[in-house]
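Q: got a structure for you, letters missing:
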């Protein structure tokens, strides 16, 4: 009788373990930041180490949208003053449960509020046309790293360089608000990018801006959608 009970318990334990190890692939995300920004983080690169205050770097997950937008709604606010003529500002999130070392094509929709008027002119470039929006998928977590030679922060991925796409990011437009007025308006940018998961089936989504406008850019991300599809051959990014 004891052997029978032990056998039943063993089978139950094995079944429970197999259930725990089965993970549903996270092939899409539809994050609306008015509801939640869980799992998203923000940071900056392409600026001197220790100059966060001078560059006025800040981000907040639950910031209120600015007027004339609905100020009762929340967004992921990110802001910086581009003294280096090349400030990179980004948000990122990990997607899990994918096949290991598998290529995925991501279809992106990025929604954000911007006050930069189209065709506007500013220091070093346009506050709209010289601030480039990019997307990417990476097999490592995008992070800034300190370059001990230049004493500045750089990215650990091959990101976009202003208007030029990189191996790990693609330019999909700029931050113009689609009007001739400097007022906040919610706009969307879309694009596709192919990246590869890591050995554990994780992939990181990155959305960011690289700026040639030498003054302050403040954006309010309101939502990010990404749909992943397996690819069997090397895709052009």
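A: Nice, I can see it. Being a predicted model, the structure only gives us computed values, none of them experimental. Numbers count the residues shown, from 1 in each chain.
Q: Direction included, what does the top strand by length along the chain pair up with?
A: Scanning the chain for the longest strand, with DSSP state E as the assignment, gives strand 216-230. Sheet pairing of strand 216-230 (DSSP bridges) gives strand 28-32 (antiparallel), strand 74-81 (antiparallel), strand 103-114 (antiparallel).
Q: So which residues of this structure form strands?
A: 28-32, 41-45, 47-48, 58-64, 74-81, 88-95, 103-114, 131-138, 144-147, 152-155, 170-174, 185-196, 203-211, 216-230.
Q: rewinding a little: which of the strands paired with strand 216-230 sits closest to residue 137?
A: Between residue 137 and the strands paired with strand 216-230, the tightest spacing by C-beta to C-beta is seen for strand 103-114, at 5.1 Å. Glycine gets a C-beta too; all of them are placed from N, C-alpha and C.
Q: If we go by neighbour counts, what in the closest one is buried?
A: Residues of strand 103-114 classed as buried by neighbour count (16 or more other C-beta atoms under 10 Å): 103-106, 108, 110-114.
Q: what do you get for stretch 121-136?
A: For stretch 121-136, burial by neighbour count (16+ other C-beta under 10 Å) applies to 122, 125-136.
Q: a markdown table for those residues, including pLDDT?
A: Compiled in a markdown table, the buried residues of stretch 121-136 are given as follows (pLDDT from 0 to 100):
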| residue | pLDDT |
| --- | --- |
| 122 | 83 |
| 125 | 82 |
| 126 | 91 |
| 127 | 95 |
| 128 | 94 |
| 129 | 95 |
| 130 | 96 |
| 131 | 97 |
| 132 | 98 |
| 133 | 98 |
| 134 | 98 |
| 135 | 98 |
| 136 | 98 |
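Q: With distance to residue 144 as extra columns, can I get those residues in a markdown table?
A: Formatted as a markdown table, the entries for these read as follows, by distance: C-beta to C-beta, whole Å:
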| residue | distance to residue 144 |
| --- | --- |
| 122 | 25 |
| 125 | 23 |
| 126 | 26 |
| 127 | 23 |
| 128 | 25 |
| 129 | 25 |
| 130 | 22 |
| 131 | 19 |
| 132 | 18 |
| 133 | 19 |
| 134 | 16 |
| 135 | 18 |
| 136 | 15 |
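Q: if we take these, which one ends up nearest to residue 188?
A: Within these, proximity to residue 188 (C-beta to C-beta) peaks at residue 133, which comes in at 10.4 Å.
Q: beta partners of that closest one?
A: Going by DSSP bridges, residue 133 forms beta bridges with residue 173, residue 209.
Q: Among the buried residues of strand 103-114, which pair sits farthest apart?
A: 103 and 113 (33.0 Å).
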